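>>> output the structure for:
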Amino acid sequence: MSEIHIHKHEVKGKNLAVSILLNLVITIAQVVGGIISGSLSLISDALHNFSDVLSLVFSYVAHKLSRRKASIKNTFGFKRAELIAAFVNASTLVIVAFILIYGAVERFFNPHPIESDLVIWLALLGIIVNGLSVVFLRKDAEHNLNMKSAYFHLLTDMMASVAVLSGGLLMKFFGWFWVDGVMTIAIAIYLIFVGLKLLMESTKMLMLFTPDFIDIKDLVREVHKIPGVNKFHHIHVWHLNDEELHLEAHLDCSEDIRMSEFNNLLREIEQVLFHQFHINHINIQPEFKKDDSKDFIVQD
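Coordinates of the predicted model:
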């Protein structure tokens, strides 16, 4: 196994911890306010916020686990814990969305007046709290799928609060109480859109799929340009986590070379794979006229 070390963005768990505390405060406030005002959109926003609290806690635990060192029993450590957290968080986004839609449809058939002033003030509080949390996690979300799932939970919370605020204003000045249900459905549809996208992304990584940005045939063509390479085959490419992209393959050499010469050839291959395909963990089995399948992809 060869590894090329690259500079990594340091994801800060303390940003998650602060976001957890902020969301816990807004969740409690919105539940109380939703019960008093009778607003379904406010209660739905609180339910979404509570799911965020659980998701953020899960993300925080996964983040801490992923930093543990490898051991004899856990040779990869817990690096994939964050992928599991991202998968669970994405799933909860979709589940919560369908719960909100069910509640909104039921409210359409059983409408009642809503205390709009309380809805407006609590929605403003939600925008401020979730907005701060989004700012805290924005940079980490660009480098880590687990943080990205937490970030989108918070971003959708902020957007939901904006929707609730708009609904509260329309209810206050025009008496359009049906807006509460409409806003709830709008929030839910966005949650489904974001959740399914994250769910697909995390599932592909957990299933060890080849990353979308890598074309195996193009990769083979580039490696075959290197002198000394006869056939690059039996290839697997997968994400261990967001930061580590692994490749294992067999290399049929064009000549019966010494190990020291193979080391030089291996270094050339590593540079091509790293600079052109961003693969930083490489494990290559050398061969010379070995009688085995020479297909690019081989069913083990």
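
>>> can you check the pLDDT for Pro113?
On pLDDT, Pro113 comes in at 64.

>>> geometrically speaking, which residue is the centre of this structure?
With distances taken as Cα atoms, centre = their mean, Leu145 lies nearest the centre of the chain, 3.2 Å away.

>>> so where's the stretch 101-250 of the chain uncertain?
By pLDDT under 70, the low-scoring segments of the stretch 101-250 of the chain are 111-114.

>>> quick one: the helices in it?
116-141, 145-174, 179-206, 216-224 (DSSP state H, counting those that start in this stretch).

>>> nearest to Lys289, out of those helices?
Of all those, it is helix 216-224 that lies closest to Lys289, at 16.9 Å by Cβ to Cβ. Bear in mind the C-beta positions are built from the backbone N, C-alpha and C, glycine included.

>>> tell me the buried residues in the closest one?
Within helix 216-224, the residues scored as buried using 16 or more other Cβ atoms under 10 Å are Ile216, Leu219, Val220, Val223.

>>> show me what it is packed up against.
strand 229-239, helix 259-277 (3 or more Cβ pairs under 8 Å, 6 or more residues apart in numbering; DSSP states H and E).

>>> the inter-axis angle of the first one versus helix 145-174?
To tie it back to what came earlier, the one meant is strand 229-239. Going by axes from the mean of the first three to the mean of the last three Cα atoms, to 10 degrees, strand 229-239 is angled at 40 degrees with respect to helix 145-174.

>>> with just CA atoms, put strand 229-239 into CSV.
Written as CSV, here are the backbone C-alpha positions of strand 229-239 (Å, rounded to 0.1, in the frame of the first residue of the first chain):
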residue,chain,number,x,y,z
VAL,A,229,3.5,-1.1,-18.3
ASN,A,230,2.0,-3.9,-20.3
LYS,A,231,-1.5,-4.3,-18.8
PHE,A,232,-3.1,-2.5,-15.9
HIS,A,233,-6.1,-4.6,-14.8
HIS,A,234,-8.2,-6.0,-11.9
ILE,A,235,-9.0,-2.5,-10.8
HIS,A,236,-10.9,-1.3,-7.7
VAL,A,237,-11.4,2.4,-6.9
TRP,A,238,-13.4,3.6,-3.9
HIS,A,239,-13.7,6.3,-1.2
